[in-house]
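fold the following and give me the result.
(one chain, ligands or ions: 1)
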Amino acid sequence: MPQGPDLRQDRAVRTRAEILRCAARLFAERGYQQTGIKDVAEQVGMTKGAVYFHFPNKQALAVAVVEALYATWPRTLEAVRAKGLSPLDTVIEMFNEATSAFLNDPIMQAGTRLQNERDVIDVELPLPYVDWTTLISSLLREAAAQGQLAEDVDPEVAARVAVAAFFGAQHISNNLYDRADFAERWREVRDLLFPALRA
Ligand SMILES: CCC[C@@H]1OCC(CO)=C1C(=O)O
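Predicted structure coming up:
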């Protein structure tokens, strides 16, 4: 039974996604320089040629992992919005989602490590933190417009402080304890910062 174009297309999409997941696991565990296409091919159980069919080189894999990471947030925001939370509680829930991703998602773990290693990666990666700060700023402006923020709180300042505190806590937890205490460190940031923002 000849496979129709759709079936072939589906298979290629699934194969590409599997290669990306395996590469993410290796990038997260070993870092960019210690990961080779050969390692990815072995991890996914394919030939190097099969990997090269989807990704021309390791740089393309790194870009694809970081782009896959950033592509998740609009979908996450949509899912969080569907919960009907207030803008301020949507901000908290987005950080809750990011905390869970840091603890469980190889794409998040790999994207973060690649961004931290960006200076030794010989391909241009999107700037880190920019999208998050823009997203949190937008939600906090909504909160301000709805009277949810304390009078003296500037949404842009609050967004920069929240993003810096969250990702700083993550960086410290990851470096000191392999993120073992990160959920608690995030709760400390949440419980100290957000009451100070609320009207
Ligand atoms: C240098 C870490 C990069 C940072 O960590 C994960 C993540 C989430 O999207 C980031 C971002 O740049 O937005």
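
in the chain, which spans are helices?
Applying DSSP state H to the chain gives helices spanning 5-30, 37-44, 48-54, 58-81, 87-104, 106-116, 130-145, 155-177, 182-197.

figure out which of those is closest to D122.
Closest to D122 of the helices of the chain is helix 58-81 (Cβ to Cβ; 6.2 Å). No exception for glycine: its C-beta is placed from N, CA and C like everyone else's.

on that earlier part again, output the helices of the chain in CSV; the columns should cover distance to D122 and mean neighbour count.
Listed next are these as CSV, based on distance: least, Cβ to Cβ, whole Å; neighbours: other Cβ atoms under 10 Å:
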stretch, distance to D122, mean neighbour count
helix 5-30, 15, 16
helix 37-44, 14, 17
helix 48-54, 18, 15
helix 58-81, 6, 17
helix 87-104, 26, 19
helix 106-116, 12, 22
helix 130-145, 21, 18
helix 155-177, 24, 17
helix 182-197, 30, 15
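
ok, which of these comes nearest V123?
Smallest distance to V123 across the helices of the chain (Cβ to Cβ): 3.7 Å, for helix 58-81.

I'd like to know which elements that closest one is packed against.
helix 5-30, helix 37-44, helix 87-104, helix 106-116, helix 130-145 (3 or more Cβ pairs under 8 Å, 6 or more residues apart in numbering; DSSP states H and E).

run the last query once more with 10 Å
helix 5-30, helix 37-44, helix 48-54, helix 87-104, helix 106-116, helix 130-145 (3 or more Cβ pairs under 10 Å, 6 or more residues apart in numbering; DSSP states H and E).

what helices and strands are in contact with the helix-or-strand element of the chain with minimal mean pLDDT?
One helix or strand of the chain scores below all others by mean pLDDT, DSSP states H and E: helix 5-30, with a mean of 93. Applying 3+ Cβ pairs under 10 Å, 6+ apart, one finds that helix 5-30 contacts helix 37-44, helix 48-54, helix 58-81, helix 106-116.
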